[in-house]
Every structure is written in structure tokens, then in C-alpha cells.
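**Student:** Give me coordinates for this.
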Amino acid sequence: MAFLRKRVSSEAAAEDILQSAFVRGIEKGGAVRDEESVVAWFYRLLRNAVIDHYRQTGSAERASGELARHLTDRQEPDDPLKGEICRCVMALLDTVKPEYREALETIDLNEGSLADLASKAGVTSNNAAVRIHRAREALRKRVAQACGLCAIHGCLDCQCGKKATE
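**Tutor:** The predicted model follows:
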């Protein structure tokens, strides 16, 4: 524990890493070579666990930073424009695959969770995450096709109502 306390920022993280290392040690204990000390092997396992911990923490921090930047850069349109946008996008929603439409309705329109989508569609949570990602991408492409430069550059004079249903 002292080895880990010196290398991570919190007692809880050190305990989690140690517990995970014990589990790995039990699972991989047969990998110890005869000439190698078990203690040296376990310390190597701990060092690798610390490295993994910092990789995971770094990824989570980068992702949350990106989300924060995305949320602060985002501007909400005024109510009349929001209504126009919604009519345009709702018309385009009917042009994507039915399973994509179901995913978008469950997650984005009804503010459901991935677990809700997974249960409704009869798939795993991971598959639901992939499905919503693909559904959003398909809808984004349809909006870009229907609205052209307006969708790409964010202009607010959308005249694509006729194109959406074509």
C-alpha cells in the first residue's frame, strides 16, 4: 500500500489499484518464472496498474474537458427558429433506418438512457451506444444533404422544408 500511496493522488485510488492487482495476481500467478522473485513480479504488476490508472484518468479528463468545451460553445436558437429546426429535422428523421429512428427517439427526443434503448431494442448497452452514434451520424448526413451549406456552416435561413420530404 505504501508503494501505491506514493504514486497516486488518493487513498481510495491506491486501495482500488491494490485490490485490482490482487485479482490480477491470482489470475496470472502462474506466469511467474522460476528464477523471478514473486515479490518483484508483484511490484511490476503494481507499476503497470498505476500506469493503467493514469491512462484511464487522463482519458476521462480529456473527455470531460471536450464535453465542457462543447457545451460552452453551444448556442440555443430562439423559440421560432427552434420550431423551424425541429420541423425540418423531424421530417428527416423519417428518412433514416427504423432502428436508427427508434434510437434517436429513445435517447434524444425522450431523454432516455442507453439502458432504455438496449432494453427496447433487445441489444447490449455497448451495441446501443454504437447504434445511437451511427443514428446521429446518419441523421447528420441527411441534414447536410437536405439543407446543404446551411447545415454545414450553421446559417439560420433554412429553406429546406421542401427538400426534407423529397
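**Student:** so the residue sitting nearest the centre point of the chain is in which element?
**Tutor:** By Cα atoms, centre = their mean, the chain has its centre lying nearest to residue 129, at 7.4 Å. If you go by DSSP states H and E, residue 129 is part of helix 125-147.
**Student:** tell me which residues in that helix are buried?
**Tutor:** 128, 129, 131, 132, 135, 136, 138, 139, 142, 143, 146, 147 (16 or more other Cβ atoms under 10 Å). In short, each C-beta sits where N, CA and C put it, glycine included.
**Student:** can you pull the pLDDT of the second one?
**Tutor:** We have a pLDDT of 89 for residue 129.
**Student:** How much space separates it from residue 92?
**Tutor:** Here the distance between residue 129 and residue 92 works out to 22 Å (Cβ to Cβ, to the nearest Å).
**Student:** quick one, helices of the chain?
**Tutor:** Using DSSP state H, the helices found in the chain span residues 2-5, 11-28, 38-73, 79-93, 98-104, 114-121, 125-147, 149-153, 161-164.
**Student:** Packing partners of the fifth one?
**Tutor:** Just to be clear, that refers to helix 98-104. Contacts defined by 3 or more Cβ pairs under 8 Å, 6 or more residues apart in numbering; DSSP states H and E place helix 98-104 against helix 114-121, helix 125-147.
**Student:** Quick one: closest of these to residue 41.
**Tutor:** Comparison of the helices and strands packed on helix 98-104 against residue 41 by Cβ to Cβ identifies helix 125-147 as nearest, at 33.0 Å.
**Student:** May I have the closest one exported as PDB, CA atoms only?
**Tutor:** Output of helix 125-147 as PDB, limited to C-alpha atoms (Å, rounded to 0.1, in the frame of the first residue of the first chain):
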ATOM      1  CA  SER A 125     -25.600  -1.500 -23.800                       C
ATOM      2  CA  ASN A 126     -22.500  -1.400 -25.900                       C
ATOM      3  CA  ASN A 127     -24.500  -2.200 -29.000                       C
ATOM      4  CA  ALA A 128     -27.000   0.600 -28.000                       C
ATOM      5  CA  ALA A 129     -24.100   3.100 -27.700                       C
ATOM      6  CA  VAL A 130     -22.900   2.100 -31.200                       C
ATOM      7  CA  ARG A 131     -26.400   2.300 -32.600                       C
ATOM      8  CA  ILE A 132     -27.100   5.900 -31.200                       C
ATOM      9  CA  HIS A 133     -23.700   7.000 -32.600                       C
ATOM     10  CA  ARG A 134     -24.500   5.600 -36.000                       C
ATOM     11  CA  ALA A 135     -28.000   7.000 -35.900                       C
ATOM     12  CA  ARG A 136     -26.800  10.500 -35.100                       C
ATOM     13  CA  GLU A 137     -24.300  10.300 -37.900                       C
ATOM     14  CA  ALA A 138     -26.900   9.100 -40.400                       C
ATOM     15  CA  LEU A 139     -29.200  12.000 -39.400                       C
ATOM     16  CA  ARG A 140     -26.400  14.500 -39.600                       C
ATOM     17  CA  LYS A 141     -25.700  13.300 -43.200                       C
ATOM     18  CA  ARG A 142     -29.300  13.600 -44.100                       C
ATOM     19  CA  VAL A 143     -29.500  17.100 -42.700                       C
ATOM     20  CA  ALA A 144     -26.400  18.000 -44.700                       C
ATOM     21  CA  GLN A 145     -27.900  16.600 -47.900                       C
ATOM     22  CA  ALA A 146     -31.200  18.300 -47.400                       C
ATOM     23  CA  CYS A 147     -30.000  21.600 -46.100                       C
END
